[in-house]
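Student: Whatever this is, show me its structure:
(3 chains)
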Amino acid sequence: MNRWPRLPIPSPSEAARPWHEARPIMKHWAIWLPLAVFGVLFALFATGLIAPGDRTIVSQMIGKPLPAFDLPQAVPDRPAVTRANFTDGKPKLLNVFASWCVPCVAEAPYLQQLADVGVEINGVAIRDRGPDVQAFLARNGNPYARIGSDDVSKIQFDLGSSGVPETFVIDGKGMITYQHIGDIRAEHVPVILEKLKEAQ
Amino acid sequence: MIAEFALALLWLAAALALLQLGLGSYALTVRGAQFLPAVRPVAVAQGVLVAVSFALLIVLFVRSDLSVKLVAANSHSLKPLIYKISGTWGNHEGSMLLWITVMGLAGGLIALLERRLNDRTLIATLAGQAFVSLGFYAFLLFASNPFERLNPAPAEGNGLNPLLQDPGLAFHPPTLYIGYVGLSIAFSFAIGAMVTRDVGPTFARAMRPWVLGAWIFLTLGIVAGSWWAYYTLGWGGWWFWDPVENASLMPWLAATALLHSVSVLATRGALKAWTVMLAVVAFSMSMVGTFLVRSGILTSVHAFAVDPERGSFILALLAIYIGGALALFGLRASTVTEGSRFHLFSREGALVMNNVLLVGILGIVLMGTLYPLVTEAFGTKVSVGPPYFNPVSAIFVFPMLVIMAVGPLMRWRQDNGKKLINLMAAPALALAVALALVVLFAGDIAILPLLGLIFAAGLAVASILPLWKRNLRRTPAHIYGMVLAHLGIAVALAGMAAESAFNTEKLVASEIGQTHTVGPWSIELQGIDPIAGPNWTALEARLVTRYGDSATQTVMNPQSRMFSSPPTATSHAALLTRWNGQLYVVLGEEGDDGRWQLRLWWKPFVPLIWYGGLLIGLGGILALVGRTARDLRRKDQPEYEPVAAPADPKPVGGREALA
Amino acid sequence: MRGFLLLLVALLAQPVAAQDSLPPAPYAYKQLDDPAKEKSAQDLMMTLRCLTCQSQSIADSDAAMAGDMRHQVRSRIEAGEDPEAIRSWLIERYGDWVSYQPQVTAMTWPLFAAPVILLLFAAFIVRKRFGRAKPTGEKS
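Tutor: Numbers count the residues shown, from 1 in each chain, chains lettered A, B, ... in the order given. Alright, predicted model coming up:
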């Protein structure tokens, strides 16, 4: 074996002592600090992996009154929507949708199902053109009692909504009581009916 | 057959890594000492095998062998050759193979070249390197085999993400990557030294070129990445404090601290535990970065090959290697402040301060990046962005700039304050002049950019002072390296501050033939033309630009491109660089009224950010070349530990021995 | 170009999302006439998070909703509203997540304690290193 000679160190200074034996009696607690920090990081990462955070942005407006809004009519055969439509004592749905939104097509039959059992659904078409909305309704059915048109997504900022489609349950006094994010599927229909009942 | 052969080589390399670990560990025992010389060849062979395997993957990509799943998923026969090659590492499996290749090659190179280090420590280092490699071999072979076949082979590949089809991005990831993985060498050195309890100046000198090498790659990788973000993302931003960007910054901060503490260890034989710990931390940050980027636990625009399952694998590796190394550290290190105490006015004093502040910045970046994850575990969502990172890191950055200015002027051991104060007159003057200029001409700017500009001026002057009154021909290359790197920091800082202080932005909806002004420029939109590239079509604007009253006109052509495979649209900004700044133009969409959206920016002095970055990298290269040349000249004489320097510290402790 | 949205789409390997055909909101790509107001709008937009992107400010995003948010910010600032009031208006609807500038709350105070703790840690290391025991190094 070709080991390099270890040369004697000229001065018997403290630095020349082996680093691990400089003070053999008691270790300083700070030596374990890096491991402790790593332990915390590991726990954090493991939590992040096991229970990945929900990427949806939930509205903070639930339980708060629906802000005032007044939107123009989207299609000729349905009246416009304003906040006043939500304060007649009857719980309703407020659905934001758009003709350019693919999941909106998927949820159309379930909205119709809700409308068929007597739920009043007010829709707002986001960033949409009248004829496009009309064509969309002709193709996928029209479950809406009223449809407003919002070209600048203002209603979404009012509701704390971050995409289309989203559906809000509004009680009879104009309070937002529930938010459904994404398209409504078969399994969501009973949940929404339940929430409407709770909002009575 | 190439794929099967390459896979076989990979298995063989993994077996050699196992042998390297086993043989190395046995050789360290009392009975196994006769095996010490056998470990080096194994390490070299392992490096060669894995490199050949990686080269074969490149061959598969170049030949567009679509029967290989990875090639089919990431390549396309019509792609330009350069992007076929860069497609090799533009995906998870390929990049993991690159990772292991860099590790293998680095281990092989150490085995071939390193002659100063005590043999036992070297063998322990190689065993450590093999130990770390094994985890990644397992990851590659069991969970992400790059050579998997696809049967039947598809007629055409899926193509590469168009945003990655860019010369900048073809080379930015591997550069950064080599830096990341290069830090594994520092880590293995630290493991080796902890195992043999041999941490001293020789160890520091052996480790230094490897740390420097990895650091150069990291620096250049980050510079290239921020340049890429600047000109491809089309909004003129160059740093977003995005989790993925932070993931590349953290290893750099740790490596920078390590680089400086290594020179204290090499020169003064002190900061042993601290240096070993930084070596572990630097590679930990590489692995944490890799984990964050690939596990998808944080949202980022740059999220790459996200897969929670791979995340678990990397997390397991993290626990084994980093947890293990830190536990070993706890067992082996016995005190925080081994060695003698330092004088406040001394080179090593400044280096300690620099280290502490760098670790402070690292702590802030780590905290800010991970904090959203912490609150999410408690059910709250928060975002941490520039309004947090900029001011909070500034608390540490500005004191560090002062130390950077004075530190290199100090002598080792002890210096006198009066001399320093005299020397600092010039930088102080520069700072004052910059302040006066900014106040006179720039008007109302925010406090951080203001501080940035004036500190940059002071630091620029101070960084050159170490050359003052020196014989420039006899000054060693690594001194020039340090001067350049520090100057680079000043230059980049000036660019960053100017970017946030002096930007002018203009958004217009333009008709053809209309002229707009932004800053000193006037810009006329002459027309929009359709053009075709190799695998894309585009709309290209013809913009005629003129600076002030100058007679010269320059045509700029921003594009919006449509790629066919996969179908994606990207915007391609056009940049015009002058000595005093950059004009940045982006073509947007056509409106209903036939007007075209144009985004125009005049960004005074912004290229300084990247010029500064390149200077930093160049400084690193000079230092590496200088040090290596010096080491080669002294090849056969093991160095004394320069503990007992004469009372007059000129020969050893003077400027000659600096970082 | 919808660069950012498409960047996301591309990186996350999702199919190209359907997009509306409506022109962007008036102030999505139009600056305010008053440079001072535009500056404060720009400063605010840089610190608000795009709702439909992965990790971008609304100032850096081509997503339609980011454009609509810029429209809200610019028109409210044009109407004389205070930038911080606009921030609170959005936080009230979307939670702290929407602002890149963390507010000091029961949940976030450690973020602001971190620099102090790190400075204390620095002081600890420095005190150990530069303590008065042997200020002149190992000449003794």
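Student: close enough to count as contact, C:Tyr29 and B:Gln597?
Tutor: Yes: the pair C:Tyr29 and B:Gln597 passes the contact test of CB atoms under 8 Å, sitting 5.6 Å apart. For every residue, glycine as well, the C-beta is placed using N, CA and C.
Student: Spit out the residues that contact these two alike.
Tutor: By CB atoms under 8 Å, 6 or more residues apart in numbering or on different chains, C:Tyr29 and B:Gln597 have these common neighbours: B:507, B:509, B:588.
Student: Pull the contacting residues for the closest residue to the last one other than its chain neighbours.
Tutor: Spelled out, that is B:Gly588. Excluding the flanking residues, the one nearest B:Gly588 by CB to CB, 6 or more residues apart in numbering or on different chains is B:Gln597, at 2.7 Å. By CB under 8 Å, 6+ apart, the contact set of B:Gln597 is B:507-510, B:587-591, C:29.
Student: which one of these has the most neighbours?
Tutor: Within these, most neighbours by other CB atoms under 10 Å in any protein chain shown means B:Leu587, with 28 neighbours.
Student: Now do the helix or strand that one falls within: distance to the chain's middle.
Tutor: Element membership for B:Leu587 (DSSP states H and E) is strand B:581-590. Strand B:581-590 sits 29 Å away from the centroid of its parent chain (CA atoms, centre = their mean, to the nearest Å).
Student: From the centroid of chain B, which residue is nearest?
Tutor: The geometric centre of chain B, computed from its C-alpha atoms, lies nearest to B:Leu218 (CA atoms, centre = their mean), at 2.1 Å.
Student: That one reaches B:Gly179, doesn't it?
Tutor: Yes: taking contacts as CB under 8 Å, B:Leu218 lies within contact range of B:Gly179: 3.2 Å.
Student: what residues do those two have in common as contacts?
Tutor: With CB under 8 Å, 6+ apart as the test, B:Leu218 and B:Gly179 both reach B:251-252, B:255.
Student: Any buried residues in stretch B:318-325, and which?
Tutor: B:318, B:321-322, B:325 (16 or more other CB atoms under 10 Å in any protein chain shown).
Student: ah, wrong one, I meant stretch B:481-488
Tutor: Neighbour counts over stretch B:481-488 (16+ other CB under 10 Å) mark B:481-488 as buried.
Student: Could I get the average pLDDT for it?
Tutor: Confidence for stretch B:481-488, expressed as mean pLDDT, is 95.
Student: Tell me how far that stretch lies from the chain's centre.
Tutor: Put simply, stretch B:481-488 sits 16 Å off its chain's centre (CA atoms, centre = their mean).
Student: Contacts for that stretch, please.
Tutor: B:404, B:408, B:459-460, B:462-464, B:466-467, B:611-626, B:658-659.
Student: Stretch B:377-391 now?
Tutor: Applying CB under 8 Å, 6+ apart, the set of residues contacting stretch B:377-391 is A:44, A:47-48, A:51, A:53, A:57, B:240-241, B:364-365, B:368-369, B:371-372, B:375, B:448, C:46-47, C:49, C:57, C:95-102, C:107-108, C:111.
Student: what about burial for the residues you listed, which qualify?
Tutor: Among the contacts of stretch B:377-391, those scoring as buried are A:44, A:47-48, A:53, A:57, B:240-241, B:364-365, B:368-369, B:371-372, B:375, B:448, C:46-47, C:49, C:57, C:95-102, C:107-108, C:111 (criterion: 16+ other CB under 10 Å).
Student: do the helix or strand C:Lys39 falls within and chain B meet?
Tutor: If you go by DSSP H and E, C:Lys39 is part of helix C:35-45. Yes: Helix C:35-45 comes into contact with chain B (CB under 8 Å from any CB of the partner chain), by way of C:Gln42.
Student: Point out the other helices and strands that that helix packs with.
Tutor: Judged by 3 or more CB pairs under 8 Å, 6 or more residues apart in numbering or on different chains; DSSP states H and E, the packing partners of helix C:35-45 are helix C:64-78, helix C:83-94.
Student: just the angle between the first one and helix C:83-94, please?
Tutor: Spelled out, that is helix C:64-78. Here the directions of helix C:64-78 and helix C:83-94 differ by 140 degrees (axes from the mean of the first three to the mean of the last three CA atoms, to 10 degrees).
Student: Wondering if helix C:64-78 reaches chain A at all.
Tutor: Yes: Helix C:64-78 is in contact with chain A by CB under 8 Å from any CB, via C:64-65, C:68-69, C:71-72.
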